[in-house]
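Asks: prediction below, plus the sequence it came from.
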Amino acid sequence: MKTPQEIRQIAAWMSAAGLGALELRTPDERILLGKGGEPVAPRATPDVARRPPPGPHASAAGTTTVRAPSLGIFLRGHPGRATALAEPGMRVSKGQPVALLQIGPLLLPVPAPADGRLLAPRAAEGDAVGYGEPLFDFQQQ
């Protein structure tokens with residue numbers, strides 16, 4: 001169970017990220033937070049256990065879909081820099097950060113799953129993405 005202090009911190013991160021509602025699920029608990037203390041009606045969403053796990057997943061024509069390892073705001077580059085970490089068509093090395101997920105003040109790198117070429121992003125800059133959502137396509141080489 002989350003402590004009141006932990007819930008306040010999560011609510012502060014949620015507010016800083018501009019989220020109006022947030023649902024956290026673990027095997028042992030479920031927390032549903034709304035902006036400004038307003039009641040939040042749960043959305044009908046697929047069970048997280050049935051969603052594809054994060055990480056690379058094979059798709060058509062030898063490409064891989066890289067999915068979000070967490071919820072967050074999709075960023076193609078660091079907020080303090082004008083350039084993207086990687087551009088479509090660019091060759092990248094396994095583990096090289098190619099995007100970021102922003103969760104409040106935290107920036108979580110999204111690494112390349114293998115040596116290869118980054119293809120077009122499937123999420124737009126600044127999109128709020130959930131766990132398991134497609135971020136970009138990747139072609140292993």
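Replies: Sure thing, it's come through. Only a predicted model underlies this, so the values are computations on that prediction, with no experimental measurement involved.
Asks: drop to CA atoms for contacts and neighbour counts, all remaining ones
Replies: OK.
Asks: residue 125: what secondary structure?
Replies: coil (DSSP: H, G, I helix; E, B strand; the rest coil).
Asks: how about it: what's its closest non-neighbour residue?
Replies: Residue nearest to residue 125 in three dimensions, not counting chain neighbours: residue 75, with 5.3 Å by Cα to Cα, 6 or more residues apart in numbering.
Asks: repeat that for residue 108.
Replies: residue 101 (5.0 Å).
Asks: ok, and for the strand or helix carrying the one you found, which residues are buried?
Replies: Using DSSP states H and E, the element containing residue 101 is strand 97-103. Applying a neighbour-count criterion of 16 or more other Cα atoms under 10 Å, one finds 97-103 buried in strand 97-103.
Asks: strands of the chain, start to end?
Replies: In the chain, the strands defined using DSSP state E lie at 21-25, 30-34, 55-58, 63-67, 72-75, 91-92, 97-103, 106-111, 116-121, 128-129, 134-140.
Asks: what sits up against the fifth one?
Replies: In this case it means strand 72-75. Contacting residues not belonging to strand 72-75 are listed as 17, 99-103, 123-130, 135 [Cα atoms under 8 Å, 6 or more residues apart in numbering].
Asks: thinking again about what came up before, now, among the buried residues of strand 97-103, which is nearest to residue 139?
Replies: Looking at the buried residues of strand 97-103 and their distance to residue 139, the nearest is residue 98, at 13.2 Å (Cα to Cα).
Asks: between the strand holding residue 101 and strand 134-140, how many degrees?
Replies: 160 degrees (axes from the mean of the first three to the mean of the last three Cα atoms, to 10 degrees).
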